[in-house]
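1. Compute the structure for the input listed below.
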Amino acid sequence: MLDERTTIEYLRRAKLGDGSAKEELLEQNVSLVKCIVKRYLGKGVEYDDLFQLACMGFLKAITGFDERFGVKFSTYAVPMIAGEIKRFMRDDGSLKVSRAVKQTAKEINAFVEQKTNENGTPPSVKEIAVAFGLEESETVFVMGSSRMPLSLFGGGEYKDGKERELVDTLPAKDEQEELLDKLLLKEAMEGLCERDRKIIVLRYFRDMTQSEVAEQIGVSQVQVSRIESRILKEFQKKLTG
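-> Purely as a prediction, here's the structure:
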């Protein structure tokens, strides 16, 4: 990526209508654009379409950026790029799930069928969560994915007898993205040694502090911090290609 001084020079030229300056800015920031795009893969929009949307957001960032904001251009561009993608996905009105989530849902369905045949009753969400190494909230999300895609603005009846749109039943916090991140993280953990995998599980799936993790596995907090930092850097390289 360009240094900030060179970036500002290109931005000034781009605002004056220099097309080559816009192209250079995009080319030099393409890794940033791709990194944002990858966060939205598996949600029902093809990679090429996401990339085009991200580029549109980037060009809007060029137009809207003002040096007087007192922030780096990249700091301003990131929410503009993500916003363009989110706006499209919101307006499209559909919610779809990744292949990895669908596969997990398929395995859970088979597990439920097997346990139901063995015991005469289906397993509880907690039992399923334990069997697949998921949190209960993740389990509910994955099981629900087998009935997607659904329109966020489609109606449905609830226990109170009232009908309302699915979007009205979603929590204010975007928990779906967090759950997808966790599933992606779990896939990336397959190549880790037992100690490193345990650190990530305790930190990100059991919400333990570095000090608590250090005490449990018998190392110092500083060591946990270094190991965690190294693992996350490796994950980031995989995600950004």
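2. residue ranges of the strands in this protein, please?
-> Along the chain, counting by DSSP state E, strands occupy 94-95, 150-151, 155-157, 163-165.
3. any idea which of those strands scores lowest on pLDDT?
-> The minimum mean pLDDT among those belongs to strand 150-151 (a mean of 39).
4. Could you list the domains of this structure?
-> 4-92, 99-169, 192-240 (automatic domain parsing).
5. got a markdown table for those domains, with mean neighbour count too?
-> Any C-beta I mention is one placed from the backbone N, CA and C, and that applies to glycine too. Shown next, in a markdown table, are the domains of the chain (neighbours: other C-beta atoms under 10 Å):
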| stretch | mean neighbour count |
| --- | --- |
| domain 4-92 | 16 |
| domain 99-169 | 14 |
| domain 192-240 | 15 |
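6. mean pLDDT for those domains: which is lowest?
-> Looking at those, the bottom one is domain 99-169 with a mean of 67.
7. And the helices in the protein?
-> For the chain, helices defined by DSSP state H occupy the ranges 4-15, 19-28, 30-38, 47-64, 73-92, 99-119, 125-132, 136-145, 175-188, 194-200, 210-217, 221-240.
8. tell me the angle of the fourth one relative to helix 4-15?
-> Relative orientation of helix 47-64 versus helix 4-15 (axes from the mean of the first three to the mean of the last three C-alpha atoms, to 10 degrees): 90 degrees.
9. which strands and helices sit next to helix 47-64?
-> Secondary-structure packing of helix 47-64 (3 or more C-beta pairs under 8 Å, 6 or more residues apart in numbering; DSSP states H and E): helix 4-15, helix 19-28, helix 30-38, helix 73-92.
10. a markdown table please, covering those helices and showing distance to residue 119.
-> Output for these, formatted as a markdown table (distance: least, C-beta to C-beta, whole Å):
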| stretch | distance to residue 119 |
| --- | --- |
| helix 4-15 | 62 |
| helix 19-28 | 58 |
| helix 30-38 | 41 |
| helix 73-92 | 40 |
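11. Tell me which of those helices sits nearest to residue 196.
-> helix 30-38 (22.5 Å; C-beta to C-beta).
12. For residue 16, give its distance to residue 70.
-> According to C-beta to C-beta, to the nearest Å, residue 16 stands 22 Å off from residue 70.
13. ugh, wrong one, I meant residue 191
-> In terms of C-beta to C-beta, residue 191 sits 42 Å off from residue 70.
14. same thing with residue 61?
-> Going from residue 61 to residue 70 by C-beta to C-beta gives 16 Å.
15. now do residue 77
-> The separation that residue 77 has from residue 70, given C-beta to C-beta, amounts to 15 Å.
16. same question, residue 232
-> The spacing between residue 232 and residue 70, counted by C-beta to C-beta, is 29 Å.
17. Same check on residue 202?
-> For residue 202 relative to residue 70 (C-beta to C-beta), the value is 39 Å.
18. Could you do residue 89 as well?
-> 31 Å.
19. what does residue 45 give?
-> Residue 45 sits 34 Å away from residue 70, going by C-beta to C-beta.
20. One more: residue 34?
-> Using C-beta to C-beta, we find residue 34 at a distance of 27 Å from residue 70.
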